[in-house]
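Engineer: Following is a predicted model, sequence given first.
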Amino acid sequence: MLLPFAAACQCLHLQPCTFQHFALRRACSSFMAVDYVALAREYGRLSNLHDLSGIFRMINDDAVIYGNEGRAAIVEGMRAFRRRYKDVYWVFHSFELVGPRQVEFAFDRYWRADSGDGAAVMVCSAAEVITFTEDGLMQRIDYSRRPTDPQPSAGYPEGAQVTPTD
C-alpha cells in the first residue's frame with residue numbers, strides 16, 4: 001500500500017514512497033534527510049482520520065506513548081481514548097523542530113461530551129513533543145504543556161471534517 005511519505009522521505013527517485021521504504025531508508029542510496037516535522041504532521045492527519053492502523057505503522061516496537069509501552073498497548077490506549085472522547089478532532093497550530101528528532105506541536109482538541117448530535121462540544125488546548133527514532137518511527141510522545149481544563153465550545157471549528165469515532 002502506498003502512503004503519503006514522499007515529502008517526509010525526501011528521496012530523489014520519482015516513485016511514491018511507501019512507509020516500508022521510508023522506515024528502511026538506508027536502502028535508498030539517494031536519501032537526503034528525514035523530515036521529522038512532516039512525520040509529525042502525518043501523525044496529526046492520521047489522528048483526525050482515526051486511522052489507527054496507519055498510526056500503528058509509524059510507531060517503533062518499544063515506543064512509550066501516553067503511558068503505554070509497545071505498539072499493541074499504544075494503539076489499544078488510543079482506541080480507549082476515542083471511546084472516552086467521542087468524535088475527537090484536533091486543530092493543530094504549529095509544528096516545530098525543538099531538538100534532535102523531536103517535534104513539538106500545539107493544538108486545540110474538540111470532542112463531544114456525550115454521544116449523539118445534540119451533545120455538547122468541549123475543547124481544551126495542549127502541546128506535545130514527539131521523539132522519533134533515527135529511522136523516523138515514533139519512540140515517545142509526551143506533553144510539553146498539559147491540557148487546559150475542558151471548556152464548552154459553540155461547536156467544532158468551521159471547516160472541520162470530523163470523522164465519527166466508533
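Structural biologist: Thanks, I have it.
Engineer: C-alpha only now, for contacts and for neighbours.
Structural biologist: Will do.
Engineer: what's the nearest residue to I141 if we skip its chain neighbours?
Structural biologist: Leaving aside its sequence neighbours, I141 sits nearest to I130 (CA to CA, 6 or more residues apart in numbering; 4.5 Å).
Engineer: Correct me if wrong: the one you found contacts L137.
Structural biologist: No: in this structure I130 lies outside contact range of L137 using CA atoms under 8 Å: 9.8 Å.
Engineer: who has more neighbours, the two?
Structural biologist: Ranked by neighbour count (other CA atoms under 10 Å), I130 and L137 place I130 first, with 26 against 23.
Engineer: what's the burial count for R83?
Structural biologist: Applying other CA under 10 Å, we find 13 residues neighbouring R83.
Engineer: again, but for S53
Structural biologist: For S53, the count of nearby residues is 10 (other CA under 10 Å).
Engineer: which residues touch the residue most central in space within the chain?
Structural biologist: Nearest to the geometric centre of the chain sits Y43, at 2.7 Å (CA atoms, centre = their mean). Taking CA atoms under 8 Å, 6 or more residues apart in numbering, we find Y43 in contact with I55, M58.
Engineer: ok so it is a helix residue?
Structural biologist: Yes: applying DSSP: H, G, I helix; E, B strand; the rest coil, one finds Y43 inside a helix.
Engineer: so how far is A63 from it?
Structural biologist: With distances taken as CA to CA, to the nearest Å, Y43 is found 15 Å from A63.
Engineer: cool, D135 as well?
Structural biologist: D135 is 13 Å from A63, by CA to CA.
Engineer: More neighbours: which of the two?
Structural biologist: Between D135 and A63, A63 has the larger neighbour count (other CA under 10 Å), namely 22 against 15.
Engineer: How about that one, nearest residue that isn't a chain neighbour?
Structural biologist: Counting by CA to CA, 6+ apart, the residue nearest A63 is Q139, at 4.3 Å.
Engineer: so what strands line up beside the longest strand that the chain contains?
Structural biologist: Criterion DSSP state E: the longest strand present in the chain is strand 86-99. Sheet pairing of strand 86-99 (DSSP bridges) gives strand 102-112 (antiparallel).
Engineer: Show residues contacting the strand it pairs with.
Structural biologist: For strand 102-112, contacts defined as CA under 8 Å, 6+ apart pick out 36-37, 40, 85-98, 119-132, 144, 156.
Engineer: What's the ChimeraX syntax to select whichever of those residues are buried?
Structural biologist: With 16 or more other CA atoms under 10 Å as the criterion, this ChimeraX line picks the buried residues out of the contacts of strand 102-112:
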select :36,37,40,85,86,87,88,89,90,91,92,95,97,121,122,123,124,125,126,127,128,129,130,131,132,156
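Engineer: No further queries at this time; thank you.
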